[in-house]
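S.K.: following is a predicted model, sequence given first.
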Amino acid sequence: MLTVRDLTANYGQARVLRGVSLDVAAGEIVTLVGRNGAGKTTLLRCVMGLHREQTGEIALERPLTGLAPHQRARAGLGYVPDDRGIYAGLTVEENLLLPPTTKGGEPWSMARIYETFPVLWQRRRFPGTKLSGGEQQMLALARVLRTGARLLLCDEPTEGLSPLLVRQIGDILREVKAHGVTVLLIEQNLHFATTVADRHYLLAEGRVVENLDNSEVLAREHELLTYLGI
Ligand SMILES: Nc1ncnc2c1ncn2[C@@H]1O[C@H](COP(=O)(O)OP(=O)(O)OP(=O)(O)O)[C@@H](O)[C@H]1O
């Protein structure tokens, strides 16, 4: 579904992605793991078209190279940034009613959103500013599902969340997958990653160095955690 070939990215003179190639098949959940600074966020931003200093090829069934972020969104990509991007002055419901829908995607109805995210129903009249970190994460995920995105790019959705909320995010990602949505996510919690994802790409210094399945991650968990400095 998503193909990335020989992707490079720079910040000025500094090269931070050095020829990344990866694939995500329809219906998969795939994680990007790697130390701080390995290039994970930059990679998601390149796929979404938010980082312009890039070369290489990116396709979501059809080539996306050179397209602006809104055109990539229309093609079916949805981006959930690490700062969650909630409109603080709008209520939860207004945030959910805002996104335009993508062509060809299947936007989630408000009923389905509230069924999947009961906390958003409870908080629907609350302004974005009054939400906890976990609630903001739920809202950011829900909002991108409202667009009908077919592939979600999620920048560490569990960062800073309690174990209970991490489990809830896991349940939601599994439900998203059950509805046919594909996910590429940054995740530093390896154990959690093996409970939600099918495969894992390990990034180091701007390169993909390993493509691991769950059994490999679990068998090498200690070594990988040491490597990641966690
Ligand atoms: N706006 C920027 N200007 C200059 N350099 C940047 C910028 N953003 C990131 N970098 C550098 O690019 C490299 C990759 O950063 P990136 O945020 O993609 O890594 P990451 O793997 O997501 O790490 P983290 O988990 O710390 O965000 C790092 O060396 C970082 O310092």
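M.R.: Sure thing, it's come through. Numbering: from 1, shown residues only.

S.K.: for the closest residue to Cys154 other than its chain neighbours, give me the pLDDT.
M.R.: Distances taken as Cβ to Cβ, 6 or more residues apart in numbering place Leu185 nearest to Cys154, at 4.0 Å, with adjacent residues excluded. Heads up, the C-betas are built off the backbone N, CA and C, glycines and all. As predicted, Leu185 sits at a pLDDT of 97.

S.K.: spit out the contact partners of Leu185.
M.R.: Going by Cβ atoms under 8 Å, 6 or more residues apart in numbering, Leu185 touches Ile29, Val30, Thr31, Leu32, Leu152, Leu153, Cys154, Asp155, Glu156, Pro157, Leu173, Ala197.

S.K.: if burial is judged by neighbour count, which of these pass?
M.R.: Ile29, Val30, Thr31, Leu32, Leu152, Leu153, Cys154, Asp155, Glu156, Pro157, Leu173, Ala197 (16 or more other Cβ atoms under 10 Å).

S.K.: turn the contacts of Leu185 into CSV, including secondary structure and distance to Met110.
M.R.: Supplementary listing: those in CSV, determined by DSSP: H, G, I helix; E, B strand; the rest coil; distance: Cβ to Cβ, whole Å:
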residue, secondary structure, distance to Met110
Ile29, strand, 25
Val30, strand, 29
Thr31, strand, 29
Leu32, strand, 31
Leu152, strand, 19
Leu153, strand, 23
Cys154, strand, 21
Asp155, coil, 25
Glu156, coil, 27
Pro157, coil, 21
Leu173, helix, 20
Ala197, coil, 28
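
S.K.: helices of this protein, start to end?
M.R.: Secondary structure of the chain, counting by DSSP state H: helices at 40-48, 69-75, 92-97, 110-116, 118-122, 133-146, 163-178, 190-196, 214-219, 221-228.
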